[in-house]
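Undergrad: predicted structure and sequence below. I'll ask about it afterward.
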Amino acid sequence: MTSDLPKTMRAVEISEHGAPEVLRLTERPVPKPGPGEVLIRVAHAGVNRPDAAQRGGTYAPPPGASDLPGLEASGHVAATGESVGEWSVGDAVCALLPGGGYAEYVVCPASHCLPVPTDMSLREAACLPETFFTVWSNVFMRGHLEGGERFLVHGGSSGIGTTAIQLASAFGARVFATAGSAEKCAACEKLGAERAINYREEDFVSILKDEGGADVVLDMVAGDYIARNLKAMAQDARLVIIAFLGGAKAEINFAPMMMNRQTITGSTLRPQSVEAKAKIARELRERVWPLLDAGRVAPVLDSEYDLEAAADAHRRMETSEHIGKISLKVAGG
Ligand SMILES: NC(=O)c1ccc[n+]([C@@H]2O[C@H](COP(=O)([O-])OP(=O)(O)OC[C@H]3O[C@@H](n4cnc5c(N)ncnc54)[C@H](OP(=O)(O)O)[C@@H]3O)[C@@H](O)[C@H]2O)c1
């Protein structure tokens, strides 16, 4: 089913790999939804650190995905492909995308869409999918965080970190977060962290050890943090690595890891199968969307830029001064 659609759309493409100015406004054909897919008329798109990595040439889109950046968006369903029963033209949704969010229209599997939570703006909803899918699948499905456990997240003021703090505390964990300034630490504590640690001034290892050790760690730094995380962890604890801002290689003494029965794991979201992401979406809808509907959890918005100013959005992200999410206004709403 289709509403009246233009043939072309405005989009931001990566004209070549490089600095933010390689992001250029362009005209592209409006994509068509295949079986099981929906076409979304985009209102807002979330900006994520992996978009900057794609722009820089270190994070290629998976086979079959749009070459346009953009891993999440909100808007209205503009057309549905064959065998889509759940969504209809006009429905307000937010969606995890394999790419292509920096555009007026984007296609994605219908099973990767979620409803816009009650009383939430489309701007806020655009900032949900990438971090909520990542945090739910890594902290809860992979890391098995339980209420009452101690949870440590690095980069606590990042898009991922602000989501992880809120979800872990909503599910009853004791939350510890690291961040690089007093202002960022204050933001982490406001979101529910029991103790934010300014890693430029304090040692997270000794602080966590004094508390009995972390049961789950969500790490985006890796490098020399891996050995330090293991020291900060309790017996039977789980270390979940989702990025390596501090380097992809590390030297580890495996003896204490074995003695303490610790697990090191990790994942990347984007290359996973349509079904694997649909499973995460179903769990989010059942376990997390009620918290968003009730206003108990909400995305933290840092700043918004017009679609044509996507380069400025990337510059802001790469200063690392932001707290929470950066978004693009594509069509408003
Ligand atoms: N595996 C996955 O599926 C997946 C999915 C989404 C995102 N990610 C990754 O998760 C990370 C966070 O994503 P995001 O979109 O939330 O990013 P973001 O908002 O840009 O946050 C990154 C934060 O990391 C902190 N940081 C710590 N060490 C750093 C270093 N060496 N270089 C730069 N920043 C450093 C910075 O805050 P401080 O001032 O506190 O240092 C910065 O604000 C990114 O690396 C992203 O690629 C992974």
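TA: Here it is on my side, so go on.

Undergrad: only C-alpha atoms for contact and neighbour calcs from this point on.
TA: Noted.

Undergrad: and the lengthiest helix in the chain, is it in reach of the ligand?
TA: Criterion DSSP state H: the longest helix present in the chain is helix 159-170. Yes: using Cα under 6 Å from any ligand atom, a contact is recorded between helix 159-170 and the ligand, made by 159, 160.

Undergrad: over to stretch 89-103?
TA: No: Stretch 89-103 stays clear of the ligand (Cα under 6 Å from any ligand atom), getting no nearer than 11.0 Å.

Undergrad: avg pLDDT for that stretch?
TA: Mean pLDDT, computed over stretch 89-103, is 98.

Undergrad: and if you look at stretch 132-150?
TA: Stretch 132-150 comes out at a mean pLDDT of 98.

Undergrad: that one: which residues count as buried?
TA: For stretch 132-150, burial by neighbour count (16 or more other Cα atoms under 10 Å) applies to 132-140, 142-143, 145-146, 149-150.

Undergrad: ok now it, how far from the chain's centre?
TA: Relative to its chain's centre, stretch 132-150 lies at 14 Å (Cα atoms, centre = their mean, to the nearest Å).

Undergrad: how about it as PDB, C-alpha atoms only?
TA: Provided in PDB are the C-alpha atoms of stretch 132-150 (Å, rounded to 0.1, in the frame of the first residue of the first chain):
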ATOM      1  CA  PHE A 132      18.100   0.900  23.100                       C
ATOM      2  CA  PHE A 133      18.700  -2.100  20.700                       C
ATOM      3  CA  THR A 134      22.400  -2.000  21.600                       C
ATOM      4  CA  VAL A 135      22.000  -1.700  25.300                       C
ATOM      5  CA  TRP A 136      19.200  -4.200  25.600                       C
ATOM      6  CA  SER A 137      21.000  -6.900  23.500                       C
ATOM      7  CA  ASN A 138      24.400  -6.400  25.200                       C
ATOM      8  CA  VAL A 139      23.600  -5.600  28.800                       C
ATOM      9  CA  PHE A 140      20.500  -7.700  29.300                       C
ATOM     10  CA  MET A 141      20.400 -10.500  26.600                       C
ATOM     11  CA  ARG A 142      24.200 -11.100  26.500                       C
ATOM     12  CA  GLY A 143      25.300  -9.800  29.900                       C
ATOM     13  CA  HIS A 144      22.300 -11.100  31.800                       C
ATOM     14  CA  LEU A 145      22.200  -8.100  34.200                       C
ATOM     15  CA  GLU A 146      19.800  -8.800  37.100                       C
ATOM     16  CA  GLY A 147      18.200  -6.500  39.700                       C
ATOM     17  CA  GLY A 148      20.500  -6.000  42.700                       C
ATOM     18  CA  GLU A 149      23.700  -6.600  40.700                       C
ATOM     19  CA  ARG A 150      26.500  -3.900  40.300                       C
END
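
Undergrad: interface residues of the stretch 1-150 of the chain facing the ligand?
TA: The stretch 1-150 of the chain comes close to the ligand at residues 48, 49, 50, 134, as judged by Cα under 6 Å from any ligand atom.

Undergrad: just checking, what packs against the longest helix of the chain?
TA: Other helices and strands packing on helix 159-170, by 3 or more Cα pairs under 8 Å, 6 or more residues apart in numbering; DSSP states H and E, are helix 129-135, strand 150-153, strand 174-179.

Undergrad: and stretch 21-40, end to end?
TA: One end of stretch 21-40 to the other measures 27 Å (Cα to Cα, to the nearest Å).

Undergrad: buried stuff in that stretch?
TA: Those would be 21-25, 28, 30-34, 36-40, for stretch 21-40 by 16+ other Cα under 10 Å.

Undergrad: just those: which are in strands?
TA: The strands, defined by DSSP state E, take in 23, 24, 25, 28, 37, 38, 39, 40 from the buried residues of stretch 21-40.

Undergrad: could you find the closest non-adjacent residue to the fifth one?
TA: Yep, that's residue 37 we're talking about. residue 109 (4.2 Å; Cα to Cα, 6 or more residues apart in numbering).

Undergrad: go ahead and confirm that neighbour touches residue 273.
TA: No: counting by Cα atoms under 8 Å, residue 109 stays clear of residue 273, with 10.9 Å between them.

Undergrad: have a look at these two and say which one is more surrounded.
TA: residue 109 (24 against 10; other Cα atoms under 10 Å).

Undergrad: list the contacts of that one.
TA: Residue 109 makes contacts with 36, 37, 38, 274, as judged by Cα atoms under 8 Å, 6 or more residues apart in numbering.

Undergrad: quick check: the gap between it and residue 287.
TA: From residue 109 over to residue 287 the distance is 21 Å, taken as Cα to Cα.

Undergrad: and residue 190, by the same measure?
TA: Distance from residue 190 to residue 287, by Cα to Cα: 23 Å.

Undergrad: again with residue 8
TA: Distance from residue 8 to residue 287, by Cα to Cα: 38 Å.

Undergrad: what about the helices in the stretch 51-200 of the chain?
TA: 122-126, 129-135, 159-170, 182-190 (DSSP state H, counting those that start in this stretch).
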